[in-house]
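J.: pasting the structure only:
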């Protein structure tokens, strides 16, 4: 008999990820729910929802056998970390850990090793679940974490443990096989902590954003409800026929919500291990994938891939682009390459779980010409219903809706992080005056669309003016011959800072720095989108634009190696 | 500056109806949001979302000027009652009252006058907002409530107050015009009470089910998310293009959620005053209404209406039927009459706010023939995601999924009523063992579909067997010549109870009691849907089947006037 009854189940029926987990197994127990393709061997594994649920129950029993302690309200349970790619096992961990009351810490394995060690130590992880792919990385850092981590669990498609110096190591599949396939999931409080996600730390040390079951439940529900509103083809209604492939790593802010959305919706979820262009194309073709979410970099990689025409990608109709602005030029080039799909932009950050703002075509726009609509679809967009977003000036006052006044994006709502783990100072830096301060700059246009301009730390201060780098980047990317472009400020004796553009051309293009400036003049200055003084004073054409661990342009790395880029840059100030 | 900041806005950002109210005014301020047609004069009023919002702000200021006290957690604010039909003013009250912290009590004006007086007195209403249509009713009961109600507000399309004995009466439009059109909506706790809805009391006195902002917010969000899952044409995706007309009275369990769903979705909402067949047809034609929710009675009224072909009803494609089982026969007849639309069933009750279970076509059924699909669409259905529903035997154990074992429906979830107002005994009668006990009987089939059988108090106990009356009712309604049918138990010396069918034929039909039994034998007994002993022993063909205030078959009234029906019934026990 359930120990809690009235009034707990009436006044405070808890919003738990457990509710999501139970839905597909109840309505579609025998349908294939989870498909995993090992990106190294190319082998597939398919699980019905019942099989996946049984494995997740076994895993919860494993956690109990490892003496993992659940948390309570205000006090997190033991931190259970993952060093894992997008596999079915990682998805099992996404439910077994929080739903049994412990705290899931998906380690961003693309961080610098010092930062990885820092997050493990700071989180005080007690168990680490590690993929065979990532085992060498764990061995590298083992000596620095072995005194605090109590156990390691090795996850592999192949049976057996590798030869290793690592102590207290167990085999995932063996542990599962020894446990019963039923588990009595507790009715936790919705305020129990569920996940701990560290920021990618473009400045300073990573900070651990904490999320409760309530926060993750409510974000998922609002996103699903929101998807039911727009009538734009870029949000075409797929319902249960949607087949999402999860490209965004599960260690990167809940893969933008995919494991929660897919399980609640009971749609088949495709897990590709890690992204490879070949694996992507094969999975879309084989599994009839309909929807993916990606960083802009992925679109660029697919554009560069010479064999893309060999695959049937016609099932793929929806692409959400986040983690960076979606340049209209990149969208256009991509949709020309893979017909029938429609890319649109979204915005969020680690601390917002992440989705906060997404593209939205208003109903009175439905008759607009495609070109004008596409401009709306790359505007960062409107706040997801349920979350409040403002763009404020230095005094905390909303900026006018004039499409030009820059301000900082501030947010509050049910799924903004409660706090940084063990970091009251950083929490107080961000949470004040009733708002969470994102550190991102934006403008708002006459119709209420929020247009991301820049990180506050990236904006170029030239004289008394501010140059939003994203604006210039998106303009450069409009050129047919440009694949990727980023803009950073470099010190200047006269202006304080001046803009340097770093550009990668599309394969085979042989355009010059002059072409880039000419294009900016024609499409930017002459069309009134930028002023003449915003033109980059330096242009460098490069083979690779540096990226962060999550695929964003890495402006910090560029600033750290500034001499190298300056050496390649051509002075265009006279143009 | 907002007084609350961190951590209230992170850990407990409140789920408030206020969030819904603000959305359309933010994204579509200048679009027509609310259309009201006076069913007596036929005159239309149209309001943009901004106009509607400004009026709602004025109304909140009116409440302040009337010294209405807001509540706090665990303690309701002043009870503000409405005696109102489906008008724009009622919709304004639906937001101004709860969002300013008071408790909205929409009086069911179709209850018996004694019960109306009882609910006003029991709720301790301090202000009553009354429509001119319903003013005579208020005058009738005035002497019995005048000592407790402090003020009355008269709502009419025409200026001026009527001559009346009622003291402390104000004019709605005048009060609004005197107040500013801005209001500083408070950030209430989500656990503040928002509404108080009395049951229609088929047995005993009405009970007041209380709902918090949280409960109403979460029901709406889950319903909207759920609508995004099914791919069945009966749930065709309309998004922002949906134009709902609200037929279910706003005084009947939040009109099944319509005022919350429409405002959050920012879709145009059509308010017809009260239902008339002419008004219904005109509004569908004029406003291009796409969706309505109705009780089965309304379908029967439209089927009887001889002029229905004179109207263009082609925009109407979705009908949700609740408040009673949807007989497949009624669905079929109706869809033959009005082509292009698709009716499906839902289930709920006052205490569940109400929607709990709705029709759902599983994705693997999509290729099924229409006839078989239609059988699924009238099955009461599957629980809305987020709510737990079980069918349990007398020991609280789940019944087998065998499509025949009867049990009681029990529910728990975020939007089940917290408690009955000032009625701990009735609360304890319903809330025990961790579940709210509905008093409704159902079976579950092999695929998990819950099929409503009967109210526990209506089920016929014949010998040691139970006859679920809804099963027989739905079978009779399959006959082409039947418009409506209900079945009640009447005392019997041998069996304890025996079944009496009360049947209304379609206009012009001249069929006999024998035809009804023959039909039941052919379609029920011979096809294995019922056993021979379940056949009604008595059949009465009548001009009107008694209905409750909300359009359900009124079995209590039939039992109270049993002699009258027995006198008209023909003994069919030998057939």
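T.: All right, it came through fine. None of these values were measured; they are calculated from a predicted model.
J.: ok, what's across the strand from residue A:539?
T.: residue A:501, residue A:570 (DSSP bridges).
J.: contact partners for it?
T.: By Cβ atoms under 8 Å, 6 or more residues apart in numbering or on different chains, the contact list for residue A:539 reads A:500, A:501, A:503, A:513, A:516, A:517, A:569, A:570, A:572. Placement of C-beta: from N, CA and C, glycine included.
J.: how about a cut-off of 6 Å?
T.: With contact taken as Cβ atoms under 6 Å, 6 or more residues apart in numbering or on different chains, residue A:539 is in contact with A:501, A:513, A:516, A:570, A:572.
J.: and the pLDDT at residue A:107?
T.: Among the per-residue scores, residue A:107 holds a pLDDT of 97.
J.: with residue A:3 instead?
T.: 52.
J.: hmm, back to that, mark which of the contacts of residue A:539 are buried, thanks.
T.: A:501, A:513, A:516, A:572 (16 or more other Cβ atoms under 10 Å in any protein chain shown).
J.: can you tell me how far the second one is from residue A:501?
T.: Put plainly, it is residue A:513. 8 Å (Cβ to Cβ, to the nearest Å).
J.: re earlier: between the contacts of residue A:539, which is closest to residue B:122?
T.: Nearest to residue B:122, judged by Cβ to Cβ, of those is residue A:501 at 72.7 Å.
J.: how does chain A divide into domains?
T.: A:8-444, A:460-571 (automatic domain parsing).
J.: quick one, which of the ones you listed is packed in tightest?
T.: domain A:8-444 (a mean of 20; mean count of other Cβ atoms under 10 Å in any protein chain shown).
J.: for it, measure first residue to last.
T.: In domain A:8-444, first residue to last residue: 43 Å (Cα to Cα, to the nearest Å).
J.: what does chain A put close to chain B?
T.: Taking Cβ under 6 Å from any Cβ of the partner chain as the contact definition, chain A meets chain B at A:2, A:5-6, A:9-11, A:13, A:23, A:221, A:224-225, A:227-231, A:237, A:239-241, A:265, A:363, A:385, A:412-414, A:416, A:418, A:431, A:434.
J.: tell me the bridge partners for the closest residue to chain B within the stretch 451-575 of chain A.
T.: Per Cβ to the nearest Cβ, the residue of the stretch 451-575 of chain A with the smallest distance to chain B is residue A:451, at 16.0 Å. Assessed by DSSP bridges, residue A:451 has beta-bridge partners residue A:443.
J.: that one touches residue A:443, doesn't it?
T.: Yes. Using Cβ atoms under 6 Å, residue A:451 is in contact with residue A:443, at 5.1 Å.
J.: any residues in contact with both of these two?
T.: Common neighbours of residue A:451 and residue A:443 (Cβ under 6 Å, 6+ apart) do not exist.
J.: in CSV: the buried ones among the contacts of residue A:539, plus secondary structure and pLDDT.
T.: Output for the buried ones among the contacts of residue A:539, formatted as CSV (DSSP: H, G, I helix; E, B strand; the rest coil; pLDDT from 0 to 100):
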residue, secondary structure, pLDDT
A:501, strand, 95
A:513, helix, 95
A:516, helix, 96
A:572, coil, 92
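J.: now the strands: where do they sit in the stretch 351-500 of chain A?
T.: According to DSSP state E, counting those that start in this stretch, the stretch 351-500 of chain A carries its strands in the segments A:355-358, A:382-383, A:388-392, A:407-412, A:431-432, A:435-444, A:450-455, A:460-462, A:465-467, A:482-492, A:496-505.
J.: which of these comes out lowest on mean pLDDT?
T.: strand A:465-467 (a mean of 78).
J.: elements contacting that one?
T.: The helices and strands touching strand A:465-467, judged by 3 or more Cβ pairs under 6 Å, 6 or more residues apart in numbering or on different chains; DSSP states H and E, number zero.
J.: in its sheet, what does it sit against?
T.: strand A:460-462 (antiparallel).
J.: end-to-end on stretch A:355-374?
T.: With Cα to Cα, one end of stretch A:355-374 sits 21 Å from the other.
J.: got it, and stretch A:522-530?
T.: Stretch A:522-530: ends 11 Å apart by Cα to Cα.
J.: same check, this time on stretch A:230-246
T.: End residues of stretch A:230-246 are separated by 23 Å (Cα to Cα).
J.: low-scoring stretches of the stretch 151-300 of chain A, by residue?
T.: By pLDDT under 70, the weakly predicted segments of the stretch 151-300 of chain A are A:201-203, A:235.
J.: tell me where it has helices.
T.: A:172-177, A:213-227, A:258-265, A:277-287, A:296-304 (DSSP state H, counting those that start in this stretch).
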